[in-house]
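**Student:** Generate a structure from the sequence data that follows.
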Amino acid sequence: MLSAFRSALATPDLRKKILFTLAIVAVYRIGATIPAPGISYSAVQQCTETGSQEGVYQLLNLFSGGALLQLSLFSTGIMPYITASIIVQLLTVVIPRFEELKKEGQAGQGKLTQYTRYLTIALAVLQATGVVALADRKQLFPQCDTAIIPDNSVYTLAIIVITMTAGTAVMMWLGELITERGVGNGMSVLIFLNIAARIPIEGGNILSSAGGVVFALICVFGLVIIASVIFVEQGQRRIPVQYAKRMIGRRMYGGTSTYLPIKVNQAGVIPVIFASSLLYLPDLISRLVGDANSNAGWQVFIQNYIVNQSSWAHVLLYFALIIFFTYFYITITFNVDERAEEMKKFGGFIPGIRPGRPTAEYLSYVLGRITLPGSLYLGIIAILPNFFLSVTGSGNNQNFPFGGTAVLIMVGVGLDTVKQIESQLMQRNYEGFLK
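**Tutor:** Numbering: from 1, shown residues only. This next block holds a predicted model:
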């Protein structure tokens, strides 16, 4: 990997792309540290130092690189765009118009991207409104009585919401700039950056609370987890596909052999995001509807069994939701009937399997068998931090940075970026084929 980056820096056009990406990253991190207008920066720092419980916001705070609890310009993070992309992707199966746009190629994909942008802005307004409402009602930091928003007039609150929404639009623009003129997928790079920005802070918290021995053991265990995730992420089932020979005019076409790759983790990190978001909603609703000091039965139940990440009810529910959403997402995105029809259309077939319906049934059988270990793998990696809460001396699994959503995203983005750099190097240097 290091040799690939060294070769990339030695290539002028790739070096420009890497430097451009680093410049966008620097702009993004500066925006993540600037507080939104109307927010008392000193009050936010004071409330952050009180050690208030923030477990329910772990996913949003993770994707924003800690900007959420700082109430900065980019506090909404990239989560609205991720949610909008997932919704549009799922709607392509439900809405015929979206399915037609998907089949139109680049023009249709451009329209779907535009719809994703509009939905992102709408979701950013909702998320910013929720965050501002919680901060105004002193429920973002329940143990802190300091007023984060000194002037809580409607005008000031509206300005804060508009500013945070504009921050989301700027993040979308920066991500698209990286995709077009930089290296890697822009949105993925920004998410990777946000997660990486949290690791030194969380590592320092572990070192100060649990000691050097525990910190060293967790670092070693983290490296083992990362190596295991890389091994599983690279695993795939290759289904052989043979294309029949066809005579078109005086030329013979086809007769080639290839394979259809099905990854062990075909769904990626999407099921973990779905499950985390679903567990996040009950506590958000209870905070917005109820009083901060209310002890209603349903609120106590949510706090003790849904929000409390060290409870077995939370762990089992989280694990079950990840397995369910893995099967749900793969069933929607990987249409075996369409794949079988495409293979039949172009003269392809799986050796020993008849084209058409038998091929679809075979693909469904293989996909079902490989999805089970993939879903169990996602669930185990996601709930690993919950078993280290007592070791790190914290009630928030954010203090264990080598598990769950963080390591899945970091490994996936890292592998994709390195592969993209290597592919661009191969276009400019063919020595690898001669060795």
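**Student:** and the closest residue to residue 108 other than its chain neighbours, what helix or strand is that in?
**Tutor:** Nearest residue to residue 108 in three dimensions, chain neighbours excluded: residue 101, at 3.6 Å (C-beta to C-beta, 6 or more residues apart in numbering). C-beta here means a position set from N, CA and C on the backbone, and glycine is covered the same way. Using DSSP states H and E, residue 101 sits in helix 96-103.
**Student:** ok, which stretches of this structure are strands?
**Tutor:** 236-243, 246-248, 251-253, 257-263, 348-349 (DSSP state E).
**Student:** Would you mind telling me which of these is nearest residue 213?
**Tutor:** strand 257-263 (37.5 Å; C-beta to C-beta).
**Student:** buried stuff in that closest one?
**Tutor:** Neighbour counts using 16 or more other C-beta atoms under 10 Å place 260, 262 of strand 257-263 among the buried residues.
**Student:** for the closest residue to residue 192 other than its chain neighbours, what are its contacts?
**Tutor:** Nearest residue to residue 192 in three dimensions, chain neighbours excluded: residue 413, at 4.2 Å (C-beta to C-beta, 6+ apart). Counting by C-beta atoms under 8 Å, 6 or more residues apart in numbering, residue 413 touches 184-185, 188-189, 191-192.
**Student:** Could you dump these into JSON lines and include pLDDT?
**Tutor:** Converted to JSON lines, these look like this (pLDDT from 0 to 100):
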{"residue": "184", "pLDDT": "80"}
{"residue": "185", "pLDDT": "82"}
{"residue": "188", "pLDDT": "82"}
{"residue": "189", "pLDDT": "85"}
{"residue": "191", "pLDDT": "81"}
{"residue": "192", "pLDDT": "83"}
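**Student:** which one among those residues gets closest to residue 80?
**Tutor:** Taking these together and measuring to residue 80 by C-beta to C-beta, the closest member is residue 191, at 12.6 Å.
**Student:** on that earlier part again, surely the residue nearest to residue 108 meets residue 112?
**Tutor:** Yes. The pair residue 101 and residue 112 passes the contact test of C-beta atoms under 8 Å, sitting 5.4 Å apart.
**Student:** Count residues in the vicinity of residue 335, would you?
**Tutor:** With neighbours defined by other C-beta atoms under 10 Å, the count for residue 335 comes to 14.
**Student:** typo on my end, residue 351
**Tutor:** 9.
**Student:** just checking, it touches residue 242?
**Tutor:** Yes. With contact defined as C-beta under 8 Å, residue 351 reaches residue 242; the gap is 5.7 Å.
**Student:** what's the distance between the nearest residue to residue 273 once chain neighbours are set aside and residue 331?
**Tutor:** Nearest residue to residue 273, sequence neighbours excluded (C-beta to C-beta, 6+ apart): residue 82, at 6.6 Å. Going from residue 82 to residue 331 by C-beta to C-beta, to the nearest Å gives 20 Å.
**Student:** out of those two, which sits in the busier spot?
**Tutor:** Neighbour totals were compared for residue 82 and residue 331, and residue 82 leads with 20 against 16 (other C-beta under 10 Å).
**Student:** what angle do the lengthiest helix in the chain and helix 96-103 make?
**Tutor:** Secondary structure of the chain per DSSP state H: the longest helix is helix 106-136. Orientation note: helix 106-136 sits at an angle of 120 degrees relative to helix 96-103 (axes from the mean of the first three to the mean of the last three C-alpha atoms, to 10 degrees).
**Student:** residues of helix 106-136 that come out buried?
**Tutor:** So, applying 16+ other C-beta under 10 Å, buried residues of helix 106-136: 108, 112, 115-117, 119-121, 123-125, 127-136.
**Student:** Assess the claim that residue 240 and residue 353 are in contact.
**Tutor:** No. Counting by C-beta under 8 Å, residue 240 stays clear of residue 353, with 10.1 Å between them.
**Student:** List the contacts of residue 371.
**Tutor:** Remark: with contacts taken as C-beta under 8 Å, 6+ apart, residue 371 is in contact with 266-267, 326-327, 330.
**Student:** Find the nearest non-adjacent residue to residue 244, please.
**Tutor:** Nearest non-adjacent residue to residue 244 (C-beta to C-beta, 6+ apart): residue 347, at 4.5 Å.
**Student:** Need phi/psi at that neighbour.
**Tutor:** Here is the backbone geometry of residue 347 (degrees, to the nearest 10): phi 80, psi 20.
**Student:** any idea of the pLDDT on it?
**Tutor:** The model reports residue 347 with a pLDDT of 79.
**Student:** What's the separation between it and residue 372?
**Tutor:** 32 Å.
**Student:** Next: residue 39.
**Tutor:** 47 Å.
**Student:** Give me the more crowded residue out of those two.
**Tutor:** Each of residue 39 and residue 372 has its neighbours counted (other C-beta under 10 Å); residue 39 has more, 22 against 12.
**Student:** isn't that one right next to residue 151, touching?
**Tutor:** No. If you go by C-beta under 8 Å, residue 39 and residue 151 don't touch, sitting 10.3 Å apart.
**Student:** if I look at the closest residue to residue 169 other than its chain neighbours, how far off is residue 115?
**Tutor:** Ranked by C-beta to C-beta, 6+ apart and with sequence neighbours excluded, the top spatial neighbour of residue 169 is residue 121, at 6.4 Å. Distance, residue 121 to residue 115, by C-beta to C-beta: 11 Å.
**Student:** Next: residue 300.
**Tutor:** Noted for residue 300: a distance of 41 Å to residue 115, by C-beta to C-beta.
**Student:** go on, residue 260?
**Tutor:** 30 Å.
**Student:** Over to residue 174?
**Tutor:** Residue 174 is 20 Å from residue 115, by C-beta to C-beta.
**Student:** got it, and residue 83?
**Tutor:** Here the criterion is C-beta to C-beta. By it, residue 83 lies 13 Å from residue 115.
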